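S.K.: please work out how this folds:
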Amino acid sequence: MVLESAPLFLRRKKREAPPAPPKATGELKARMVALACGKPPEGCARWTLRLLAAKCVELQHSDSMSRMAISRLLKKRGSSHISKPSDAFRPNRTARS
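M.R.: Have a look, this model is predicted:
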């Protein structure tokens, strides 16, 4: 709770414009998860974040969508269809010195 008698630098500035509404609605999130769980496009082994973002715009679900927005959306859903880092360059964790 901020008191009116508090110094100016401790008071919160009022927002002049309302916050931007989120691009990803519940329906869009459901469509992206369903798309990520579905069959990947011809010639691809799996869906990538860039492919999902491009498909979202292609199907006119959104006017623009970044791959990072798709990543956050799938991460919140706990989807296993996002790329996982490879263990190829990690040191052997069983051998400790």
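S.K.: and residue 88, what pLDDT?
M.R.: Reading off the confidence values, residue 88 has pLDDT 48.
S.K.: my bad, should have said residue 65
M.R.: Confidence at residue 65, expressed as pLDDT, is 86.
S.K.: just to confirm, which helix or strand has it in it?
M.R.: Secondary-structure assignment from DSSP states H and E places residue 65 in no helical or strand segment.
S.K.: and for residue 33?
M.R.: Secondary-structure element containing residue 33, defined by DSSP H and E: helix 26-37.
S.K.: could you give me the buried positions within that helix?
M.R.: Along helix 26-37, these residues count as buried under the neighbour rule (16 or more other Cβ atoms under 10 Å): 28, 31-33, 35-36. Every residue, glycine included, has its C-beta placed from N, CA and C.
S.K.: for that helix, what is the average pLDDT?
M.R.: 89.
S.K.: and the angle from the one helix or strand in the chain whose mean pLDDT sits lowest to helix 26-37?
M.R.: Counting by mean pLDDT, DSSP states H and E, the weakest-scoring helix or strand in the chain turns out to be helix 67-77, with a mean of 84. Here the directions of helix 67-77 and helix 26-37 differ by 90 degrees (axes from the mean of the first three to the mean of the last three Cα atoms, to 10 degrees).
S.K.: who touches helix 67-77?
M.R.: Residues lying outside helix 67-77 but in contact with it, judged by Cβ atoms under 8 Å, 6 or more residues apart in numbering, are 23-24, 29, 32-33, 36, 49-50, 52-53, 56, 81-82.
S.K.: ditto for stretch 43-53
M.R.: Contacts made with stretch 43-53 from outside it, assessed by Cβ under 8 Å, 6+ apart, are listed as 32, 35-36, 40-41, 65-71, 81-83.
S.K.: show the contacting residues for the closest residue to residue 56 other than its chain neighbours.
M.R.: Leaving out its chain neighbours, the residue that sits closest to residue 56 by Cβ to Cβ, 6 or more residues apart in numbering is residue 65, at 4.5 Å. Shown here is residue 65, whose contacts under the criterion Cβ under 8 Å, 6+ apart are 23-24, 53, 56-57.
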